[in-house]
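Student: Return a 3D structure for these sequence lines:
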Amino acid sequence: MSITVAGHLSKMQVQLDQQVQYWLPLDDHRQPLNPLLGQPIRLEYLGDIHCIHCGRRSKKSFSQGYCYPCFTKLPQCDTCIMSPEKCHYHQGTCRDPAWGDQYCFTDHYVYLANSSGVKVGITRGSQVPTRWIDQGATQGLPIFRVKSRYHAGLIEDCLREHIADRTHWQKMLKGNSDPVDLAEIRDSLMAQAEEGLSSLEQQYGLAALQRLYDQSVVEINFPVLQFPQKVKSFNLDKQPVVEGVLQGIKGQYLILDTGVINIRKYTAYNVQFSA
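Tutor: Sure thing, here's the model as predicted:
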């Protein structure tokens, strides 16, 4: 069966199962990807980028899918999204307080994930376990539940003095990290950061910053037939046609026998997909 469909890319949709299930969104079409493992696929950039917020045609994508005017004005593109401890809502300078109320002042988790090694991170409650899947993590464990993104950022800032907060994507794509005891690492990490954590709890209250000791580790299995020995990344802006045999999917990356491509990076790009 031949497949050809065109549309604007969005980050791949996922579902946790015995093996993670993936779909490639192209406008309103959702293309299942797991059945295509081991088969040749082709992705061609058609030369158009349209902002995912306003629809404006743009020569370049900012912050994964926005035009420059939206990038400079929208709250979801503000610096505090990447560095939530820099939240300025309380100063009255939030780009859109209503947006902040809906997305930032809701339950968030601080978590440990094993991707290219163990790291700390934060996510909205509704994004567990999607966030871990998107990072290519094979294990995930929530360790704090908090009342806002700002509180999560403060805890993460305290913990990353003792543990990494980034995924090394090349290492993540070369194979799965060895399984670790995330609960043991959690306990050790909290002991190391006890002074800073206690200070935050005294300032904001135990109800706002809840330590989690009863959560189970989530195990994640990605659909990969073969990991690459060397990681060569495709760039649609320089090479508009990407093709090869689909050997695996991990995080937001398609792994081909010819290289890898980060689908999320090309959100809002108009492409044609065929298999």
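
Student: okay but Gly7 is in contact with Leu24, surely?
Tutor: No - with contact defined as CB atoms under 8 Å, Gly7 and Leu24 do not form a contacting pair (9.5 Å). From N, CA and C alone the C-beta is placed, and that goes for glycine too.

Student: More neighbours: the two, which one.
Tutor: When neighbours are counted by other CB atoms under 10 Å, Leu24 comes out ahead of the other of Gly7 and Leu24, with 24 against 18.

Student: so the more buried one, which of the three states?
Tutor: Per DSSP: H, G, I helix; E, B strand; the rest coil, the local secondary structure of Leu24 is strand.

Student: Which positions in stretch 195-206 come out as buried?
Tutor: With burial defined by 16 or more other CB atoms under 10 Å, the residues of stretch 195-206 counted as buried are 196-197, 200-201, 204.

Student: Let's test this: mean pLDDT of that stretch, rounded?
Tutor: Mean pLDDT, taken over the full extent of stretch 195-206, equals 95.

Student: export it as PDB, just CAs?
Tutor: Output for stretch 195-206, consisting of C-alpha atoms alone and laid out as PDB, is shown next (Å, rounded to 0.1, in the frame of the first residue of the first chain):
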ATOM      1  CA  GLU A 195      18.600  22.800  53.100                       C
ATOM      2  CA  GLY A 196      17.300  24.500  49.900                       C
ATOM      3  CA  LEU A 197      14.100  22.400  49.800                       C
ATOM      4  CA  SER A 198      13.300  23.100  53.400                       C
ATOM      5  CA  SER A 199      13.700  26.800  52.800                       C
ATOM      6  CA  LEU A 200      11.300  26.700  49.900                       C
ATOM      7  CA  GLU A 201       8.800  24.600  52.000                       C
ATOM      8  CA  GLN A 202       9.000  27.200  54.800                       C
ATOM      9  CA  GLN A 203       8.400  30.000  52.400                       C
ATOM     10  CA  TYR A 204       5.500  28.600  50.400                       C
ATOM     11  CA  GLY A 205       4.100  25.900  52.700                       C
ATOM     12  CA  LEU A 206       3.900  22.100  52.500                       C
END
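
Student: Give me the distance between the closest residue to Gly175 other than its chain neighbours and Gly136.
Tutor: Beyond its immediate neighbours in the sequence, the residue positioned closest to Gly175 (CB to CB, 6 or more residues apart in numbering) is Phe227, lying 4.8 Å away. When distances are taken as CB to CB, to the nearest Å, Phe227 and Gly136 turn out to be 11 Å apart.

Student: For the chain, just list every one of the strands.
Tutor: Listed from the start of the chain, the chain has strands (DSSP state E) covering 4-8, 13-15, 21-26, 29-32, 40-49, 108-114, 118-124, 139-146, 209-211, 218-219, 241-250, 253-256, 259-262, 269-274.

Student: Relative to Val231, which of those is closest?
Tutor: With distances scored as CB to CB, the stretch of those nearest to Val231 is strand 259-262 (6.0 Å).

Student: Now do the contacts for the residue nearest the centre of the chain.
Tutor: What sits nearest the mean C-alpha location of the chain, by CA atoms, centre = their mean, is Asp134, with 4.2 Å. Taking CB atoms under 8 Å, 6 or more residues apart in numbering as the contact definition, Asp134 lies against 11, 14, 251-252, 264.

Student: how about 6 Å then?
Tutor: Asp134 makes contacts with 251-252, as judged by CB atoms under 6 Å, 6 or more residues apart in numbering.

Student: for the protein, which spans come out with low pLDDT?
Tutor: Counting by pLDDT under 70, the chain contains low-confidence residues at 1.

Student: any idea how far Ser216 is from the residue nearest to the centre of the chain?
Tutor: Relative to Ser216, Asp134 is positioned 20 Å away (CB to CB).

Student: how about CSV for the buried residues of stretch 195-206, with distance to Gly140 added?
Tutor: Listed next are the buried residues of stretch 195-206 as CSV, based on distance: CB to CB, whole Å:
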residue, distance to Gly140
Gly196, 23
Leu197, 20
Leu200, 23
Glu201, 24
Tyr204, 25
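
Student: Need the max-distance pair from those.
Tutor: Every pair in these was compared (CB to CB); the two farthest apart turn out to be Gly196 and Tyr204, at 12.6 Å.
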